Each structure stands twice: as structure tokens, then as C-alpha cells.
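> Test case, fold it:
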Amino acid sequence: MWVDLPGGTFTMGSDAHYPEEAPTHRVRVGAFSIQATTVTNTQFADFVQATGYVTVAERALDPADFPDAPPENLQPGSMVFTPTRGPVDLRHLSQWWRWKPGASWQHPLGAKSSVDKRLEHPVVHIAHEDAAAYAAWIGAALPTEAEWEYAARGGLEGAPFTWGDQPRPGGRIMANTWDGPDFPWRSTGESGFLRTAPVGSFPANGYGLFDMAGNVWEWTDDWWTERHPDEVSSPCCVPEDPRGGDVAASYDAAQPQFRVGRKVVKGGSHLCADSYCLRYRPAARRPQMIDTGMSHVGFRCVRRPPPERTPDV
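Purely as a prediction, here's the structure:
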């Protein structure tokens with residue numbers, strides 16, 4: 001299902017949370033349509049069946065591209081969240097992420113797992129080019145960061161969450177996020193889900209869009225920037241349909257050996273814990289290497305009206 005949005009001007013970003021979300025600034029986006037839910041395993045399976053497409057996670061790796069990697073790591077696979085046995089130092093993500101050979105959209109937890117009971121869950125282990133290929137197949141595109149955030153806000157100007165000001169209004173759980181303070185080893189299971197949930201399991205936002213917070217991070221088509229550019233915050237000039245930076249500037253300076261572009265992902269996931277990652281908010285943003293899918297990253301698509309033709313004179 002698609003939801004038509006008229007576009008408009010809104011305040012993008014946040015000055016109250018993480019540095020990469022600042023500064024807040026006014027942005028204008030044009031009209032577009034967006035999928036009401038993230039793309040599901042059923043929908044992606046239709047694409048694969050029709051086209052024979054093979055995702056990045058399913059492709060064989062070239063040893064020449066990874067000269068220092070042990071042979072066992074050169075098998076097709078992907079990164080899977082693996083709970084720890086107890087409290088750990090939250091500065092080191094490698095303690096709860098594991099490379100699992102055979103993990104892919106069809107095998108979300110590893111080679112022996114299946115999507116058979118997750119058909120209406122969001123498809124995961126999707127690299128950016130996989131998402132873009134699906135979008136092109138249905139005559140759509142991936143959203144810009146500004147389009148995504150405008151849609152996620154659901155018409156609420158400046159609210160921290162897609163539904164308003166409180167994380168749990170009246171005690172109600174509004175999104176599939178990590179339950180309890182003990183990330184990444186013990187969840188209370190209060191929401192009923194320890195990993196992804198079927199799309200639409202939680203209330204829609206004001207635009208009728210589901211899971212714009214939690215469940216899975218979602219790809220956008222903008223290159224990562226460390227923060228929003230300061231110059232766009234000027235009240236005199238509201239940018240229209242802005243785009244992110246460039247590929248070279250998106251590289252991870254902390255890992256110079258990996259010259260892989262990073263795109264912006266939005267929305268947080270089922271692994272967002274208030275004690276660790278309060279990012280299930282419209283303004284939240286993180287970088288994701290374009291060649292890397294993970295068990296908590298998915299996507300949804302947008303369609304834009306064709307540009308108006310200038311009449312011949």
C-alpha cells in the first residue's frame with residue numbers, strides 16, 4: 001500500500017540528542033508517495049523469483065579483495081545480532097555482532113534458519129544496491145533523508161517521537177525496540193518480540209505509515225555526513241529537496257582501510273535500547289556501509305511525480 005504525501009516545510013534534525021542530528025533546520029520537500037510499510041520477505045521473494053536477483057550477502061567473495069581474511073570468512077554471509085551472556089562494554093559492537101556464513105534475506109539468523117515463518121516481517125540483510133534494485137523493479141526509488149524524516153514525523157512539528165513527546169504514552173508500547181535496560185544480553189520481552197516483528201504490528205503515525213520507528217533501520221539514498229551542514233540552518237533560505245554529501249566524505253575516518261561509501265539509515269531498530277541507543281526517533285540517523293547488510297536493516301520505497309515539462313515556445 002502506498003501513501004500520498006503533499007510535501008511541505010518542516011524542521012529537520014534535533015539539537016537535543018546526538019551530535020550527528022544537529023543542527024535543526026527548516027527543509028522543504030516536494031510531493032511524493034511512500035510505502036506504508038517496509039518491504040517484506042514476501043514482496044522481496046516476488047522480486048527474486050521474477051528477476052533471478054542475487055543479493056550481495058549471497059554472492060561469493062573474491063579473495064583478492066580481502067587478502068588478509070581467513071578462508072572461512074570468504075563464504076557468502078552477513079552480520080547477525082547475537083545476544084551476549086551477560087553485561088559487556090557497550091563501546092565494542094563486535095561483542096554482539098557475528099559474521100555468519102549463509103546468513104541472507106532467506107536465512108536471517110544463519111544458514112540453518114528460514115523466512116518461512118517470517119514472510120510478513122521486513123526483509124533484512126539487504127545491501128544498498130539490493131534495495132535500489134528492488135525499487136527500480138517496481139518503478140520507484142529509495143527516499144532521500146529529508147523525505148524519510150518528513151514522512152516519519154507524520155505531521156508532528158518538532159516532536160521527538162513519531163507519535164509525540166513521550167516514549168510510552170499512557171504506558172503503551174509504540175514501536176518494536178529493545179525491552180528493558182539490559183542490552184545486549186537480556187530483554188524483558190515485554191513487547192512480545194525479541195527480533196523483528198511483522199510489519200504493521202504497532203500503531204501507524206499521523207500519515208498512516210507503520211514502523212517509522214524501531215523494527216529495522218531503513219536505507220535512504222543520501223551519502224552520510226557527520227552532521228547536518230551548518231549553512232542550511234539559515235532562516236533566509238530554506239533548501240528544497242536537499243541531498244546528502246558525496247561518497248568520499250562518507251568514508252569512515254576511523255577505518256581508513258575500508259574505502260567503502262556509507263549511506264544514511266533512519267528510524268532505529270528492534271535493538272534500540274534507551275540505555276544504549278535512543279535512536280527510534282525521526283531525527284535519528286546512522287551511517288551504513290553500502291556493501292553491508294545486517295539482520296536489523298531493511299528499506300521502503302518512494303515514488304515521485306514526474307517533473308513538469310516546459311512547454312515548447
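
> E145: neighbouring residues, count only.
25 (other Cβ atoms under 10 Å). For every residue, glycine as well, the C-beta is placed using N, CA and C.

> quick one: contacts for the nearest residue to G245 once chain neighbours are set aside?
The shortest distance from G245 to any non-neighbouring residue, by Cβ to Cβ, 6 or more residues apart in numbering, is to T225 (4.4 Å). By Cβ atoms under 8 Å, 6 or more residues apart in numbering, the residues touching T225 are G244, G245, A249, S250.

> where in this protein is pLDDT low?
72-73, 231-236, 308-313 (pLDDT under 70).

> in it, which spans are helices?
41-51, 128-137, 145-153 (DSSP state H).

> of all those, which lies closest to R259?
For the helices of the chain, distance to R259 was read as Cβ to Cβ. The smallest value, 15.5 Å, belongs to helix 128-137.

> buried stuff in the closest one?
H128, D130, A131, A132, Y134, A135 (16 or more other Cβ atoms under 10 Å).

> Now do the second one against S113, distance only.
What it means is D130. Distance from D130 to S113, counting by Cβ to Cβ, to the nearest Å: 19 Å.

> what does the fifth one give?
Counting by Cβ to Cβ, the separation of Y134 from S113 is 21 Å.

> Could you check how many residues crowd around V39?
Neighbours around V39, by other Cβ under 10 Å: 23.

> Please apply the same query to G158.
G158: 12 neighbours (other Cβ under 10 Å).

> With D15 instead?
Neighbour tally, D15, other Cβ under 10 Å: 12.

> Could you do the one 5 residues further on as well?
Burial of E20, expressed as a neighbour count using other Cβ under 10 Å, amounts to 19.

> who touches the spatially most central residue of the chain in this structure?
Centroid-nearest residue in the chain, with Cα atoms, centre = their mean: E218, separated by 1.9 Å. When the contact criterion is Cβ under 8 Å, 6+ apart, the partners of E218 are T38, W148, V265, K266, G267, V297, G298, F299, R300.

> by how many degrees do the longest strand belonging to the chain and helix 145-153 diverge?
What stands out as the longest strand in the chain, according to DSSP state E, is strand 217-223. Relative orientation of strand 217-223 and helix 145-153, computed by axes from the mean of the first three to the mean of the last three Cα atoms, to 10 degrees: 150 degrees.

> Give me the sheet partners of strand 217-223 and which way each runs.
Sheet pairing for strand 217-223, assigned by DSSP bridges, gives strand 262-266 (antiparallel), strand 297-298 (parallel).

> For W223, grab the count of nearby residues.
21.

> quick one: the strands in this protein?
2-5, 8-12, 25-29, 32-35, 77-81, 97-101, 217-223, 262-266, 285-289, 297-298, 302-303.

> Find the one among these with the highest mean neighbour count.
strand 297-298 (a mean of 28; mean count of other Cβ atoms under 10 Å).

> what does that one contact?
Taking Cβ under 8 Å, 6+ apart as the rule, strand 297-298 contacts 38-39, 122-126, 215-219, 265, 269, 288.

> How far does stretch 268-288 sit from its chain's centre?
10 Å (Cα atoms, centre = their mean, to the nearest Å).

> ends of it, how far apart?
End-to-end distance of stretch 268-288 (Cα to Cα, to the nearest Å): 12 Å.

> which residues are contacting stretch 148-159?
3, 5, 7-8, 10-12, 27, 29, 34, 143, 162-165, 205-207, 209, 212-213, 218, 220, 266-267, 282-283.

> make it 7 Å
5, 10-12, 29, 34, 162, 164-165, 205-207, 209, 212, 218, 220, 266-267, 282-283 (Cβ atoms under 7 Å, 6 or more residues apart in numbering).

> any idea how far P239 is from G30?
Noted for P239: a distance of 12 Å to G30, by Cβ to Cβ.

> Of these two, which one has the most company?
A count of neighbours by other Cβ under 10 Å puts P239 above the other of P239 and G30, at 17 against 14.

> my guess is that one meets V29, correct?
No: counting by Cβ atoms under 7 Å, P239 does not reach V29; the two are 9.6 Å apart.

> what touches both of the two?
Contacts common to P239 and V29, judged by Cβ under 7 Å, 6+ apart, are absent.

> Helix 128-137 and the longest strand of the chain, what's the angle between them?
Using the same axes, to 10 degrees, strand 217-223 lies at 90 degrees relative to helix 128-137.

> Kindly format the C-alpha coordinates of strand 217-223 as PDB.
The C-alpha trace of strand 217-223 is given here as PDB (Å, rounded to 0.1, in the frame of the first residue of the first chain):
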ATOM      1  CA  TRP A 217      16.800   0.600  10.300                       C
ATOM      2  CA  GLU A 218      15.800   1.800   6.800                       C
ATOM      3  CA  TRP A 219      18.100   2.700   3.900                       C
ATOM      4  CA  THR A 220      18.000   6.200   2.300                       C
ATOM      5  CA  ASP A 221      19.700   7.300  -0.800                       C
ATOM      6  CA  ASP A 222      21.900  10.000   0.700                       C
ATOM      7  CA  TRP A 223      25.600   9.800   1.500                       C
END
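
> Alright, calling it a day.
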